[in-house]
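Student: Next input, structure requested:
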Amino acid sequence: MASVRFADLQSRPTEFLDFTSLTLDEFQRLVPPFEAAFQAHMSEWRLDGKPRTARRFTVYQNCPLATPEDRLLFILAYVKTYALQVVQGRLFGMGQSKANQWIHVLLPVLLAALRTLRDAPARSLTALAQRLGVSETDAASVVTPLMEASAPVGIVPAAAPASPLLPMTGRNGGSSAPKTLLNRPHVIAARKRTTPSKMSCWSTPCSRSSF
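Tutor: Next up, the predicted model:
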């Protein structure tokens, strides 16, 4: 099964950047802490997520991610594209179940490596302020403009339905409900009109001739 490999992709810088969001130099700086975090993880856990109780991890024969670079490329491409696991597996020469195992192993490994480099995403304003060495007020001044700049343009107000299906499924209040036509005289007349063929035996006494 043909698959993506670091050895092939490194000679195409633009495509490599598209796959990983990193330049080749940035990627190479991330490899050592990533591999150290991977080996530390695999010393305690097996690839299937169970605790390791026997022999240490070794790259098995025909392993689809045999090198540190291929493992890092695999998880960076997944984080960048967030492809379906079956698609991710197809890209790197493995089935969906094996791709699922590698994803669950390598995601925490990548996070550990980024923490080692102090490049992990900050999950709170306090953590961001500590990383930048500034007060939380100064950190907020950095975050707020970024949030405003990334806000989508042309947001539809909540009161305005974004789909013609919403009026059918949403709650109708008294003020927003369409006005009925049943109060108009000609509609009332139409409702009172009967069809003789269906109502003759119910609205008037039936004679033997009607049968």
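
Student: Name the nearest residue to residue 71, ignoring sequence neighbours.
Tutor: residue 65 (4.6 Å; CB to CB, 6 or more residues apart in numbering). Heads up, the C-betas are built off the backbone N, CA and C, glycines and all.

Student: again with residue 78
Tutor: Nearest one to residue 78, counting by CB to CB, 6+ apart, is residue 88 at 5.4 Å.

Student: who touches the one you found in this structure?
Tutor: 74, 77, 78, 99, 103 (CB atoms under 8 Å, 6 or more residues apart in numbering).

Student: Select the longest helix from this structure.
Tutor: Secondary structure of the chain read by DSSP state H shows that its longest helix is helix 96-116.

Student: which other residues reach that one?
Tutor: Applying CB under 8 Å, 6+ apart, the set of residues contacting helix 96-116 is 30, 33-34, 36-38, 40-42, 45, 47-49, 64-65, 71-72, 74-76, 78-79, 85-86, 88-89, 92, 94, 120-121.

Student: at 7 Å instead, please
Tutor: 30, 33-34, 37-38, 41, 47-49, 65, 71, 74-75, 78, 85-86, 88-89, 120 (CB atoms under 7 Å, 6 or more residues apart in numbering).

Student: cool, and stretch 22-40?
Tutor: 10, 13, 16-17, 20, 68-69, 71-72, 76, 109-110, 112-113, 116-117.

Student: Buried residues of that stretch, list them for me.
Tutor: Within stretch 22-40, the residues that qualify as buried are 22, 24, 27, 30, 31, 33, 34, 35, 37, 38, counting by 16 or more other CB atoms under 10 Å.

Student: okay, residue 47: pLDDT?
Tutor: Here, the pLDDT recorded for residue 47 equals 86.

Student: Ignore what I typed, I meant residue 139.
Tutor: At residue 139, pLDDT is 68.

Student: repeat for the one 10 residues further on
Tutor: At residue 149 the predicted local distance difference test score is 49.

Student: okay, now the nearest residue to residue 70 once chain neighbours are set aside: neighbour count?
Tutor: Distances taken as CB to CB, 6+ apart place residue 6 nearest to residue 70, at 5.2 Å, with adjacent residues excluded. Residue 6 has 21 neighbouring residues, counting by other CB atoms under 10 Å.

Student: quick revisit: out of the contacts of residue 88, who's nearest residue 138?
Tutor: Nearest to residue 138 among the contacts of residue 88 is residue 78, at 34.3 Å by CB to CB.
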